[in-house]
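> quick one, structure for this:
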Amino acid sequence: MVALLRLAIRPLTRLEEALDTVSLNPAGDVAGSEVVASAQPAELKGIVEAYNRLADRLQQAWSQQHLYISAISHELLTPMALITSS
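Residues are numbered from 1 along each chain as shown. Model prediction:
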């Protein structure tokens with residue numbers, strides 16, 4: 001009985017392991033974010049596809065935040081340079 005349950009939840013365990021490898025690397029990319037939906041059982045494909053869309057949105061949000069911070073930093077650089085040179 002226990003062996004049958006372990007066999008039944010093995011796809012969920014593999015999916016959990018795949019999702020645990022996702023991280024934000026120093027370059028700002030969501031590393032390991034793509035989980036291959038075709039490698040999953042039919043019952044999990046919808047979850048995997050939804051996760052992949054979420055990871056894409058996370059990557060876009062991170063990129064937008066990075067651009068915003070870069071722009072603000074650039075805009076603050078000139079006034080700071082003027083203040084320190086006076």
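> could you pull out the helices for the protein?
2-20, 42-85 (DSSP state H).
> now those helices in JSON lines, with distance to Val35?
(Glycine included, C-beta is placed from N, CA and C.) Supplementary listing: the helices of the chain in JSON lines, determined by distance: least, CB to CB, whole Å:
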{"stretch": "helix 2-20", "distance to Val35": "5"}
{"stretch": "helix 42-85", "distance to Val35": "5"}
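> can you redo the ones you listed as CSV with distance to Asp29 and mean neighbour count?
Putting the helices of the chain into CSV (distance: least, CB to CB, whole Å; neighbours: other CB atoms under 10 Å) gives the following:
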stretch, distance to Asp29, mean neighbour count
helix 2-20, 17, 11
helix 42-85, 7, 11
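> reformat those as TSV; add mean pLDDT and distance to Val36.
As requested, these are exported to TSV (pLDDT from 0 to 100; distance: least, CB to CB, whole Å):
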stretch	mean pLDDT	distance to Val36
helix 2-20	82	8
helix 42-85	85	8
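> tell me which of those helices lies nearest to Val30.
helix 42-85 (4.7 Å; CB to CB).
> remind me what that closest one packs against, helices and strands.
helix 2-20, strand 30-31 (3 or more CB pairs under 8 Å, 6 or more residues apart in numbering; DSSP states H and E).
> export these as a markdown table, with columns for distance to Tyr51.
Listed next are those as a markdown table, based on distance: least, CB to CB, whole Å:
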| stretch | distance to Tyr51 |
| --- | --- |
| helix 2-20 | 7 |
| strand 30-31 | 11 |
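> now for the ones you listed, which one comes closest to Glu49?
Within these, the stretch nearest Glu49 is helix 2-20; the backing value is 12.1 Å (CB to CB).
> sorry, back to before: which of the helices and strands packed on helix 42-85 sits closest to Ile47?
helix 2-20 (7.3 Å).
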